[in-house]
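Q: A predicted structure for the sequence below; I have some questions about it.
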Amino acid sequence: MNMRKIKTTSGTEIGLDGDLLAVLETLYRELHSRHGLDYSFEDTMREIRHLIGQMAETDRETYLLESLFLNSVTYENEKLGAYVRKLTSDAGPPAAHTADRP
């Protein structure tokens, strides 16, 4: 079976095999290689729109599902992290160990 491929605006190919992280990594490398760390929201959106424009409807659905899943897991992890930080800060500093005291 022939894997569909799309290209970034500079011509880097990305195989569409359902691996969202591969697309994100390529997107990052593309933007970073052209702009360093000085790329804008508009630069990012332009490149994403270019990639999406080359995808078939089924590819867009696959990557939307993957994106929503990844974002829901990230959101859950951030909420859990905030909850754990709150619990830790509410508890105050750990109590001094008194077993060594006379």
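A: On my side now, so go ahead.

Q: alpha carbons only for contacts and neighbour counts from here, please
A: Noted.

Q: surely Gly18 forms part of a strand?
A: No: looking at Gly18 with DSSP: H, G, I helix; E, B strand; the rest coil, it is coil, so not inside a strand.

Q: pass me the low-pLDDT residue ranges in the protein, would you?
A: Scanning the chain for pLDDT under 70 picks out 1, 93-102.

Q: tell me where this protein has strands.
A: 5-7, 13-15 (DSSP state E).

Q: ok now the last one, how far from the chain's centre?
A: In terms of Cα atoms, centre = their mean, to the nearest Å, the centre of strand 13-15 is set 18 Å apart from its chain centre.

Q: buried sites along that strand?
A: Ile14 (16 or more other Cα atoms under 10 Å).

Q: tell me which residues are up against that strand.
A: Identification of contacts with strand 13-15 by Cα atoms under 8 Å, 6 or more residues apart in numbering yields Met3, Arg4, Lys5, Ile6, Lys7, Thr8, Ala22, Val23, Thr26.

Q: how about the first one?
A: Under the contact criterion Cα under 8 Å, 6+ apart, strand 5-7 has outside partners Glu13, Ile14, Gly15, Leu16, Leu51, Gln54, Met55.

Q: ok so, going back, drop anything exposed from the contacts of strand 13-15.
A: Looks like the contacts of strand 13-15 have Ile6, Thr8, Val23 buried, using 16+ other Cα under 10 Å.
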